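Trainee: Here is my input, please return the structure:
(one chain, ligands or ions: 2)
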Amino acid sequence: MLISLRQVAKAYSPNSLVLRNVNLELAKGEFLFVVGDSGVGKTTLLKLITAEEFPTDGQVTFDGIRSELDSSKLLRFRRRVGVVPQDYRLLKDRTVYDNVVIPLFFGRHGTNSPPVSFMGKGARKLVEDAVTNVGLPVKILEARVRELSGGEQQRVAIARAIINSPDLLIADEPTGSLDHDHTWTVMDLFQKLNLKGMAFVVATHDREIIRRVRKRTCHLSGGTIRVDDREGACIF
Ligand SMILES: Nc1ncnc2c1ncn2[C@@H]1O[C@H](COP(=O)(O)OP(=O)(O)OP(=O)(O)O)[C@@H](O)[C@H]1O
Ligand SMILES: [Mg+2]
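Mentor: Ligands and ions are numbered 1, 2, ... in the order given. Okay, the predicted model is just below:
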């Protein structure tokens with residue numbers, strides 16, 4: 001299993017559990033949607049899967065690695081994961097190029113891709129490919145992030161997450177600021193990358209995406225996974 005959560009509970013403060021009794025297994029190359037009402041704990045669940053947050057109770061295992069037992073192995077695993085945070089977390093005063101190139105600096109460990117020089121021509125080509133794949137023009141690379149629209153910033157965050165060809169991409173409402181056409185540019189890209197073996201966990205509110213993409217969907221409610229719909233057939 002790529003990711004395994006067993007009897008996981010999460011509280012940010014004593015006596016107020018956000019998640020409880022969460023059991024989830026994600027296989028290599030699998031595609032999973034996470035849905036549920038605002039505030040139900042989707043972002044919290046995704047943060048447990050990226051090891052940004054740790055469980056209050058229970059166990060999270062990353063490709064067989066228990067985070068509390070081996071932090072250096074966990075860091076290496078983390079380099080195989082791309083993340084699109086709900087709030088993008090871009091460096092707003094830097095250029096789009098500077099933001100998208102960052103993961104190359106941390107390395108492509110375990111991604112089955114050859115190493116590239118951070119500053120060299122190879123890096124420039126990877127950055128150009130990443131922004132083109134999310135429907136942004138190459139000329140945007142020289143713009144500062146704070147000059148961009150919300151939807152453009154969201155796609156910069158997606159480009160940054162895919163540039164290292166991660167084994168697992170965790171995307172928190174990755175189309176929340178996008179119009180219909182750009183939403184499908186991104187969803188078509190995700191499906192293409194998934195066919196090549198990249199695993200996905202995508203939190204979304206977009207019913208049209210769930211209806212059309214038809215992948216395994218976990219429905220969160222009351223702090224736990226109420227339905228784990230493996231066929232993606234049940235509309236929420
Ligand atoms: N860092 C934090 N500290 C304290 N409470 C938090 C923190 N992050 C989230 N919470 C609380 O945990 C609950 C779940 O939040 P979370 O962001 O996981 O929900 P969500 O399902 O992603 O919501 P949305 O659809 O609005 O993005 C909320 O009640 C929220 O206030
Ligand atoms: Mg959220």
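
Trainee: Could you use CA atoms for every contact and neighbour count after this?
Mentor: Noted.

Trainee: neighbours of Asp228, just the number please.
Mentor: Under the neighbour criterion other C-alpha atoms under 10 Å, Asp228 is assigned a count of 17.

Trainee: My read is that it contacts Lys215, right?
Mentor: No. At 10.8 Å, Asp228 and Lys215 do not qualify as touching, with contact defined as C-alpha atoms under 8 Å.

Trainee: quick one: pLDDT of the most centrally placed residue in the chain?
Mentor: The residue lying closest to the centre of the chain (C-alpha atoms, centre = their mean) is Ile170, at 1.6 Å. pLDDT, Ile170: 98.

Trainee: doesn't it fall inside a helix?
Mentor: No. Counting by DSSP: H, G, I helix; E, B strand; the rest coil, Ile170 is not part of a helix but strand.

Trainee: And it, how close does it get to Ser149?
Mentor: 22 Å (C-alpha to C-alpha, to the nearest Å).

Trainee: shaky segments in the chain?
Mentor: 108-120, 234-236 (pLDDT under 70).

Trainee: Let me see the ranges of the helices in it.
Mentor: Here the chain has its helices, by DSSP state H, at 42-49, 71-78, 96-106, 121-133, 150-162, 180-195, 207-213.

Trainee: between those, which gets nearest to ligand 1?
Mentor: Closest of the helices of the chain to ligand 1 is helix 42-49, at 3.6 Å (criterion: C-alpha to the nearest ligand atom).

Trainee: How about residues contacting that closest one?
Mentor: Residues outside helix 42-49 that contact it (C-alpha atoms under 8 Å, 6 or more residues apart in numbering): 3, 18-19, 34-36, 53-55, 60, 86, 170, 172, 201, 203, 220.

Trainee: could you redo the last one with a cut-off of 7 Å?
Mentor: Defining contact as C-alpha atoms under 7 Å, 6 or more residues apart in numbering, one finds that helix 42-49 is touched by 34, 53-55, 170, 172, 203.

Trainee: got the residues you listed as a markdown table, with distance to Asp188 columns?
Mentor: Below are these laid out as a markdown table (distance: C-alpha to C-alpha, whole Å):
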| residue | distance to Asp188 |
| --- | --- |
| Val34 | 18 |
| Glu53 | 30 |
| Phe54 | 32 |
| Pro55 | 33 |
| Ile170 | 16 |
| Asp172 | 17 |
| Ala203 | 16 |
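
Trainee: Just the buried ones from those residues?
Mentor: Neighbour counting with 16 or more other C-alpha atoms under 10 Å marks 34, 54-55, 170, 172, 203 as buried within the contacts of helix 42-49.

Trainee: which of the residues you listed come close to ligand 1?
Mentor: With C-alpha under 6 Å from any ligand atom as the criterion, those include none near ligand 1.

Trainee: wait, which of those is closest to Lys192?
Mentor: Of all these, Ile170 has the smallest distance to Lys192: 15.6 Å, by C-alpha to C-alpha.

Trainee: I'd guessed the closest one sits against Pro85; true?
Mentor: No. Using C-alpha atoms under 7 Å as the test, Ile170 is too far from Pro85 to be in contact (8.1 Å).
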